[in-house]
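Peer 1: Make a model of this:
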Amino acid sequence: MGIQYKLEKQQVGGQLSKGVDQNEPPLSTAEKIAKEHHVSPATVKRAEKFAAAVDKLSPEEKKEVLEGAGSGEKL
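Peer 2: Numbers count the residues shown, from 1 in each chain. Alright, predicted model coming up:
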């Protein structure tokens with residue numbers, strides 16, 4: 001979802017996407033994706049930040065995060 005938001009946001013250049021019909025207000029990219037995934041626009045934006053942070057990890061760390069390894073471990 002975060003990657004989808006980043007890619008779609010870049011494609012529309014930050015512009016608002018069209019609503020479903022002319023009587024609906026235009027949706028932002030985050031609102032459009034949120035509606036598709038039944039979450040809030042804030043969740044979509046957080047998912048983008050999470051995806052960006054995961055991209056910065058080493059391949060081993062990225063694999064652990066994406067597989068959920070280490071969940072439940074005490075810090």
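Peer 1: Now the phi/psi pair for the residue lying closest to Ala51 once chain neighbours are set aside, please.
Peer 2: Once flanking residues are discounted, Ala51 sits nearest to Gly2: 3.3 Å by CB to CB, 6 or more residues apart in numbering. For glycine as for every other residue, the C-beta is placed from the backbone atoms N, C-alpha and C. Backbone geometry at Gly2, expressed as degrees, to the nearest 10, gives phi -70, psi -40.
Peer 1: This structure: strands as residue ranges?
Peer 2: In the chain, no strands are defined using DSSP state E.
Peer 1: quick one on the thing from earlier: for the residue nearest to Ala51, give me the pLDDT.
Peer 2: Confidence at Gly2, expressed as pLDDT, is 94.
Peer 1: count of residues packed around it?
Peer 2: Here the number of neighbours of Gly2 (other CB atoms under 10 Å) works out to 20.
Peer 1: who's in contact with it?
Peer 2: By CB atoms under 8 Å, 6 or more residues apart in numbering, Gly2 lies in contact with 44, 46-52.
Peer 1: likewise Glu31?
Peer 2: Shown in contact with Glu31 (CB under 8 Å, 6+ apart): Pro41.
Peer 1: where's it relative to Arg46, distance?
Peer 2: 15 Å (CB to CB, to the nearest Å).
Peer 1: repeat for Glu64
Peer 2: Distance from Glu64 to Arg46, counting by CB to CB: 20 Å.
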